[in-house]
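Engineer: Starting from these lines, generate the structure:
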Amino acid sequence: MPGFEIFGAEERKEVMDVLETGVLFRYGFDGVRKGRWKAKTFEIELAERMGVAYGHLCASGTAALSIALAACGVGAGDEVVVPPFTFVATVEAVIYAGAVPVFSEIDDTLCLDPKSLESVITDRTRAVIPVHMCGAQARIGEIKAVCDRHGLILIEDACQAFGATLDGKALGTFGRMGCFSFDAVKTVTCGEGGAIVTDDQALYLKADAFADHGHDHQGSDRGAEGHEILGTNHRICELNAAVGLAQLRKLDKILEIQRTHKNTIKTALKQCPSITFRHIPDDAGDSATFLSFMLPDESTAREKTAKLAASGVDGCFYWYGNNWHYLRQWDHLKQLSSAARLPLELLENRPDYRKIHLPKSDALMARTLSMQIKLSWSEQAVERRIRSMIDILKD
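Structural biologist: Residues are numbered from 1 along each chain as shown. Here you go, the predicted model:
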């Protein structure tokens, strides 16, 4: 990852298809677009690839989460369980839906811990959003079992795990809806883009309408379409969809490269006794965007991170000190700082995010490094990286 590392003639061809018609809007203009529907085509191929009935392309992964929450009827005052290790957009989508994020511990998958999940469910819990972080699987079967037992809505955030599977089933297809991101640094990129997938026709129709101001897309033109619900603008444009369509068709190649590089590096690092690897429920289905491993303690992790960076081993993330991917440093959330007053602020029993205590997650994240796997590495670059990493991590 990311997909932009292998931009080529395929992306240029799809973009030029759009520019030749002059139709950048994803809906309408049938007479002049020459039968070229990049967003619609992407959605058809995405659904086929995911093994689901419906896909809807939208403006971003954040938009996908907002659409899924709205389509599932999650909103004012509902509690939604989320992990503390995720991109902050997961939490933002819940808050701006009017719902209340409730944090639960992660386990050695670096994703929601099914056992800890049980302990945070209340009579106000409406949904659970597990996040398949860094390209690999949460214990999604166990999480789904908890949701089913408590009658909760399961929405998967697979924004970082496009192309990953568990026992042959695509991540994002275990819950009622799955969400993906195709932003500038994702495995498949539209520049900016996202998608939801589902097998539920009613949810799909709500999602499709909500993402476009409530248009039901059933009329002969925009003015004739019905509006059964209120919505907003989460649309993608044809240029972004065109880039993503070409990228989607390269997914098998992308996964093959990532998995080869990751397996080569991971196999070599097994000679370093001080590190352990993240648990992956299904190695064969790992999208291999990151290699995540744990050091013995926080001080060692911080020391090795600095040494790896100094030696030229770039792309090694120490999430515990990261401002965007771990709860610990989300001061804007803890203070509920926003440009507008949040619905959450009106609740008398709202959580005090300054007092959240997740010792199991802290203990894991304080020791964890994740190295991004690049598509552009040559065999020689991989070997140089291995030599540098072993030299630093062997003690």
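Engineer: going on from the helix or strand Glu11 falls within, what's the next piece of helix or strand?
Structural biologist: If you go by DSSP states H and E, Glu11 is part of helix 9-21. Following helix 9-21 in sequence order, the next helix or strand is helix 38-50 (DSSP H and E).
Engineer: just the angle between the helix holding Glu11 and helix 38-50, please?
Structural biologist: 150 degrees (axes from the mean of the first three to the mean of the last three C-alpha atoms, to 10 degrees).
Engineer: Give me the contact list for helix 9-21.
Structural biologist: Among residues not part of helix 9-21, those counted as contacts by C-beta atoms under 8 Å, 6 or more residues apart in numbering are 24, 29, 32-34, 36, 38, 238-239, 242-243, 245-247, 249-250. In short, each C-beta sits where N, CA and C put it, glycine included.
Engineer: Quick one: buried ones out of those residues?
Structural biologist: Neighbour-count burial (16 or more other C-beta atoms under 10 Å) is assigned, among the contacts of helix 9-21, to Leu24, Arg33, Arg36, Lys38, Glu238, Leu239, Ala242, Val243, Leu245, Ala246, Gln247, Lys250.
Engineer: Check those residues and tell me the two furthest apart.
Structural biologist: Spanning the widest gap among those are Arg33 and Lys250, at 24.4 Å by C-beta to C-beta.
Engineer: Against Lys169, how distant is Gly151?
Structural biologist: Distance, Gly151 to Lys169, using C-beta to C-beta, to the nearest Å: 23 Å.
Engineer: now the buried ones among the contacts of helix 9-21 as a markdown table including distance to Ala89?
Structural biologist: A markdown table is the format used below for the buried ones among the contacts of helix 9-21 (distance: C-beta to C-beta, whole Å):
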| residue | distance to Ala89 |
| --- | --- |
| Leu24 | 25 |
| Arg33 | 32 |
| Arg36 | 31 |
| Lys38 | 24 |
| Glu238 | 24 |
| Leu239 | 23 |
| Ala242 | 24 |
| Val243 | 21 |
| Leu245 | 23 |
| Ala246 | 25 |
| Gln247 | 20 |
| Lys250 | 25 |
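Engineer: for the residue positioned nearest the centre of the chain, what are its contacts?
Structural biologist: By C-alpha atoms, centre = their mean, the chain has its centre lying nearest to Cys159, at 1.5 Å. With contact taken as C-beta under 8 Å, 6+ apart, Cys159 is in contact with Gly61, Ala64, Leu65, Phe87, Ala89, Val131, Cys179, Phe180, Ser181, Lys186, Gly194.
Engineer: which SSE is the residue nearest to the fifth one when sequence neighbours are not counted in?
Structural biologist: Spatially, and ignoring its direct neighbours in sequence, Ala89 is nearest to Thr62 (4.2 Å; C-beta to C-beta, 6 or more residues apart in numbering). Using DSSP H and E, the secondary-structure element containing Thr62 is helix 61-71.
Engineer: Rounded mean pLDDT for the very next helix or strand once past that helix, please.
Structural biologist: As assigned by DSSP H and E, the chain's next helix or strand after helix 61-71 is strand 79-82. Across strand 79-82, pLDDT averages out at 98.
Engineer: swap in stretch 42-51?
Structural biologist: Rounded mean pLDDT across stretch 42-51 is 98.
Engineer: Number the residues from 126 up from this point.
Structural biologist: Yes, from this point I'll number from 126; that puts the last item at stretch 167-176.
Engineer: Grab the CA positions of it and hand them over as CSV.
Structural biologist: Extracted in CSV, the C-alpha atoms of stretch 167-176 (Å, rounded to 0.1, in the frame of the first residue of the first chain):
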residue,chain,number,x,y,z
PHE,A,167,-17.2,0.5,-9.5
GLU,A,168,-20.2,-0.4,-7.4
ILE,A,169,-21.2,-3.4,-9.5
GLU,A,170,-17.6,-4.8,-9.5
LEU,A,171,-17.1,-4.0,-5.8
ALA,A,172,-20.3,-6.0,-4.8
GLU,A,173,-19.1,-8.9,-7.0
ARG,A,174,-15.7,-8.8,-5.4
MET,A,175,-17.1,-8.7,-1.9
GLY,A,176,-19.7,-11.3,-2.5
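Engineer: Tell me how far the residue nearest to Ala214 lies from Gly318.
Structural biologist: Distance of Thr187 to Gly318, given as C-beta to C-beta: 11 Å.
Engineer: what's the overlap in contacts for these two?
Structural biologist: Taking C-beta under 8 Å, 6+ apart as the criterion, Thr187 and Gly318 both touch Ser306.
Engineer: Point me to the helix or strand that includes the closest residue to Ala320 other than its chain neighbours.
Structural biologist: Spatial nearest neighbour of Ala320, excluding adjacent residues (C-beta to C-beta, 6+ apart): Phe305 at 4.6 Å. For Phe305, the element it lies in under DSSP H and E is strand 302-306.
Engineer: what's the span of stretch 328-341 from first residue to last?
Structural biologist: 13 Å (C-alpha to C-alpha, to the nearest Å).
Engineer: quick one: contacts of it?
Structural biologist: Around stretch 328-341, the neighbours that count as contacts under C-beta under 8 Å, 6+ apart are 152, 178-179, 181, 183, 188, 192-193, 195-197, 301-302, 321, 323, 342, 347, 350-360.
Engineer: Stretch 423-439 too?
Structural biologist: Contacts of stretch 423-439 with the rest of the structure, by C-beta under 8 Å, 6+ apart, involve 399, 419-420, 441, 443, 445-446, 491-494, 496, 510, 513-514, 516-518.
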